[in-house]
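1. Just a sequence and a predicted model for now, questions to come.
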Amino acid sequence: RAAMAEEKKPSAPTLEGLLKKWDEFSDGYNRVLGDWATTSGWSCITNLGIGGFEGNLDILEIGCGPGNCTELLVHYLQQRSPNAKTKILATDYSGEMLKLAKKRVSSNASESNISVEFKAMDACDLSSLESKSFHCLLSNLCLMLIPDHMKAIKETARVLRPGGVACWGIWGDESESTLFGVLPAAMKACGIDTPTRKTRSNFHMQKTYGDDGLRKLLLSEGFDKCIVFHVKNSLACLDGDEFQQKWLQVVGSRIPILKTLSKEKTGELRKAIAGEVERTLSSGRPLCLDATVIVARKS
């Protein structure tokens, strides 16, 4: 029985599965969720300690997605570190995401001392990059998606220079993440079965380690200082009906069972989603992801 239970346990995603998912999801994510992700990204950027930096500066971004945080990083450097000569290597496993990032960012950095290179790369295998070659690493809402986060952390420690700073944003406390409770609650209210997860939850790192455990993990992997704190990535939405239209358009297509619903049942679900959203907003709470920000300095 224990063996059977183990077999049913959601597994880590494969690289092939991630590539397919994010190539297909790139446009919808960019349109509906791109800006939503930048609160934790901004917290990562401002904790890199690069404001006022002068001289050569090499920054690695893991999981740049559609380039929202890359764009923020460029603007921050232009305003706060105009005398730095900065090279940013922005990486992602999804080619479609990289296309969106290039379109968003390249023109913004062209008239400054900042060069941005985009490259498809696996965060668990940075073997093409030299050891101790980067001053900073930025990775927002990516580490918890990576099949083997321990390999990614070890690779980060390898490519960072001594004293270099890494900042990660990951999915945090699920109970505080109102955004991701809306659809399951609405489906339950409508008598629609929630699909069984085949891959682990994006909240798995926070659930497994907690804040103290995350800090201890980084301190055991070549970092000598580490802080952990939480921010809320709030979706810009103050209307339940507006939310259900956007959310089902983007997320609904990724849940097979929702494609099988009758017109009447879909209408019922839409009303339930809008109701859940209005209840959350009426309580004064935003539709948000609780994000954990991890800041660590390389020994």
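-> Right, received. Where do you want to start?

2. Now do the spatially most central residue of the chain, the pLDDT please.
-> Nearest residue to the geometric centre of the chain (C-alpha atoms, centre = their mean): Leu141, 1.7 Å. pLDDT recorded at Leu141 is 97.

3. Looks to me like Ala296 is in a strand.
-> Yes: assessed with DSSP: H, G, I helix; E, B strand; the rest coil, Ala296 lies in a strand.

4. residue contacts, it?
-> Applying C-beta atoms under 8 Å, 6 or more residues apart in numbering, we find Ala296 in contact with Val165, Ala166, Cys167, Leu218, Leu219, Phe223, Lys225, Cys226, Ile227. For every residue, glycine as well, the C-beta is placed using N, CA and C.

5. What are the buried residues along the helix or strand where Lys232 lies?
-> For Lys232, the host element (DSSP states H and E) is strand 223-234. Across strand 223-234, burial judged by 16 or more other C-beta atoms under 10 Å covers Phe223, Cys226, Val228, Val231, Lys232, Asn233.

6. ok, the last one to Ala272 distance?
-> By that I understand Asn233. As judged by C-beta to C-beta, to the nearest Å, Asn233 and Ala272 stand 24 Å apart.

7. Show me where the stretch 1-150 of the chain dips below the pLDDT cut-off.
-> Scanning the stretch 1-150 of the chain with the threshold set as pLDDT under 70 gives 1-8, 107-111.

8. All the strands of it, in order from the start?
-> Along the stretch 1-150 of the chain, the segments classed as strands by DSSP state E, counting those that start in this stretch run 55-62, 84-92, 114-120, 134-140.

9. what's the offset of the second one from the middle of its chain?
-> Relative to its parent chain, strand 84-92 has a centroid offset of 18 Å by C-alpha atoms, centre = their mean, to the nearest Å.

10. Counting by contacts, list what that strand packs against.
-> strand 55-62, helix 68-80, helix 95-109, strand 114-120 (3 or more C-beta pairs under 8 Å, 6 or more residues apart in numbering; DSSP states H and E).

11. Ala189 is nearest to which of those?
-> Among the helices and strands packed on strand 84-92, the nearest to Ala189 by C-beta to C-beta is helix 68-80 (33.0 Å).

12. buried stuff in the closest one?
-> In helix 68-80, counting by 16+ other C-beta under 10 Å, buried: Asn68, Cys69, Thr70, Glu71, Leu72, Leu73, Val74, His75, Tyr76, Leu77, Gln78.

13. Could you point out which of those residues is nearest to Glu54?
-> Nearest member of these to Glu54, counting by C-beta to C-beta, is Leu77, at 11.6 Å.

14. returning to what we had before: out of the buried residues of strand 223-234, who's nearest Ser253?
-> Asn233 (22.0 Å).

15. now the closest one: how far from Ala296?
-> For Asn233, the distance to Ala296 equals 21 Å [C-beta to C-beta].

16. ok, now Gly34?
-> On the measure of C-beta to C-beta, Gly34 and Ala296 end up 26 Å apart.

17. those helices in the protein, which residues are they?
-> Under the criterion DSSP state H, the chain contains helices at 2-8, 15-32, 38-46, 68-80, 95-109, 149-159, 182-189, 204-219, 240-250, 256-259, 263-282.

18. Could you list every helix and strand in contact with the fourth one?
-> Using 3+ C-beta pairs under 8 Å, 6+ apart as the contact definition, the elements that helix 68-80 packs against are helix 38-46, strand 55-62, strand 84-92, helix 95-109, strand 114-120, strand 134-140.

19. Would you format the buried residues of strand 223-234 as a markdown table with distance to Pro256 included?
-> Formatted as a markdown table, the buried residues of strand 223-234 follow (distance: C-beta to C-beta, whole Å):
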| residue | distance to Pro256 |
| --- | --- |
| Phe223 | 41 |
| Cys226 | 40 |
| Val228 | 36 |
| Val231 | 33 |
| Lys232 | 30 |
| Asn233 | 27 |
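
20. Looking at these, spot the one nearest Met150.
-> The shortest gap between Met150 and any of these belongs to Phe223, at 13.5 Å (C-beta to C-beta).
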